[in-house]
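# just need the structure, nothing else, for what follows:
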Amino acid sequence: MFSSRINQNFKIHPPKKSILNFSLASANTFHPFVEMYLPKDEMTRNKLRNQTWFNRNFFINQQASPAAYENIIIDAVFKNIRLDFNTKIAKNHELGITLRSYLVTKGKYPFSILTSDEFLEFFHSNVAGGEDPFGRKYYGFNQVNVKYTDRKGRVLELKQNDFIFAGIELNHFYYSDFKFLKERNIYFNFGSHLGLNTSKFNPSIDLGFSGNIIKEWKLKNTNEIRFAFGSAILRKNAIDFDTNSVTLGNNKFLGSLEAMFEFTKYTRKGNYHSVSVNYQMQTPFSNDDEANYYQLVGKWQEIHSGWQNGFEKLYDYQSAWSWMYTYGRENYNFSVYVKEDLALNNSPDLQIGFSVKIPFLN
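Prediction:
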């Protein structure tokens, strides 16, 4: 939320007309309260490396066992509101400008149906997951409880109905023009990215680069199959405007990979229906070596599983699957998607969104 995120670009050329895209997503994110202690003494760290994480119990007090300390709890349904403007600025060049913002909610009906606590725990209890696997019922449904304290004692806290204008992103794409590749329906594009983070918790600038390759198969009945793969690297907080802002993970660089398979069917009138599946993976937010010696403290007796997720998942690779349907016409297209983290990162547990894309100022 508070840093930029590079979205892979699987288009094969700049838009013929300037495009305005509005998107709205709803995401249920839940992590029970958990505390983390990181020993400052190297000898203690080496001793803990030989212990399974849930058996580590070194901390007594700051005098007897000095340690860095953090705590976190996340319980909310976040509404992500994005406005994207994309335009062709030269033969093979595209400029994109994105405004991103978030609304913090309890996730009650009717504004959150599939991403509500009630629906997710109904699914867990009756379909897959078991009875209250992560502790939502233990803490209670329809709450906003978002608070993070970093190891320097700085606090990030969100309340119900907080609206966060999170940032502005500038994206430039260059589409390669290699004739021998185009003859084989293979396309490349490269992106450079600048993100201005505007929230009070992380006023900063992020920088990034991306590359994408797309292979297209044109079927005899004019339908299409497209496979794409992309990767990106983001330098978080390349420029900090406030050196006393909250630390949101101590890895300065975030790498990401994404793969997509898409099938598009055209109608006689030239409209189209497309379905696609995407897989995304991102490197950890925090230095994974710390996971070899941290001590986590939480309500492991009350919560069946995942009581440690709030910190454990910051040291894991993040991954998610998305399924999208798009209906397109000459003057607009409409998309709806579902995103699920089958690796149970709960970041978020389930996300559902839609977008509308229309020509703009042509």
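
# next SSE after the longest helix along the chain?
Of all the segments of type helix in the chain, defined by DSSP state H, the longest one is helix 117-126. Once the chain leaves helix 117-126, the next helix or strand it forms, by DSSP states H and E, is helix 136-139.

# what helices or strands is that following helix leaning on?
Where contact means 3 or more Cβ pairs under 8 Å, 6 or more residues apart in numbering; DSSP states H and E, helix 136-139 is packed against strand 19-39, helix 117-126. Where you see a C-beta, it was placed from the backbone N, CA and C, and this is true even at glycine.

# hey, which of these is tucked in deepest?
Of all the helices and strands packed on helix 136-139, strand 19-39 has the most neighbours on average by mean count of other Cβ atoms under 10 Å, namely a mean of 20.

# quick one: strands adjacent to that one?
As defined by DSSP bridges, the strand partners of strand 19-39 come to strand 67-90 (antiparallel), strand 295-298 (antiparallel), strand 350-359 (antiparallel).

# re earlier: can you list the residues that contact the longest helix of the chain?
Contacts with helix 117-126, where a contact means Cβ atoms under 8 Å, 6 or more residues apart in numbering, come from 28, 30, 107, 109, 113, 129-133, 136-137, 141-142, 349-350.

# report the buried members of those.
Buried subset of the contacts of helix 117-126 (neighbour count, 16 or more other Cβ atoms under 10 Å): 28, 30, 107, 129, 132-133, 136, 142, 349-350.

# what about the strands in the stretch 151-300 of the chain?
Applying DSSP state E, counting those that start in this stretch to the stretch 151-300 of the chain gives strands spanning 155-158, 163-175, 186-197, 204-218, 224-240, 253-266, 272-282, 295-298.

# closest to residue 86 out of these?
Of all the strands of the stretch 151-300 of the chain, strand 163-175 sits nearest to residue 86, with 8.3 Å by Cβ to Cβ.

# now that closest one: buried residues?
164, 166-167, 169, 171, 173, 175.

# report all helices and strands that that strand contacts.
Judged by 3+ Cβ pairs under 8 Å, 6+ apart, strand 163-175 is in contact with strand 93-105, strand 186-197.

# adding mean neighbour count, mean pLDDT and distance to residue 229, write those out as JSON lines.
Output for these, formatted as JSON lines (neighbours: other Cβ atoms under 10 Å; pLDDT from 0 to 100; distance: least, Cβ to Cβ, whole Å):
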{"stretch": "strand 93-105", "mean neighbour count": "18", "mean pLDDT": "97", "distance to residue 229": "19"}
{"stretch": "strand 186-197", "mean neighbour count": "19", "mean pLDDT": "96", "distance to residue 229": "11"}
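
# now those in JSON lines, with distance to residue 210?
Listed next are the helices and strands packed on strand 163-175 as JSON lines, based on distance: least, Cβ to Cβ, whole Å:
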{"stretch": "strand 93-105", "distance to residue 210": "12"}
{"stretch": "strand 186-197", "distance to residue 210": "4"}
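
# out of those, nearest to residue 283?
Nearest to residue 283, of all those, is strand 186-197, at 16.3 Å by Cβ to Cβ.

# run me through the strand neighbours of the closest one, direction for each.
Strand 186-197 has the following strand partners under DSSP bridges: strand 163-175 (antiparallel), strand 204-218 (antiparallel).

# among the ones you listed, which comes closest to residue 8?
Residue 8 lies closest, by Cβ to Cβ, to one member of the strands paired with strand 186-197: strand 204-218, at 5.6 Å.

# and that closest one, what's buried?
Within strand 204-218, judged by 16+ other Cβ under 10 Å, the buried ones are 204-208, 210, 212-214, 216.
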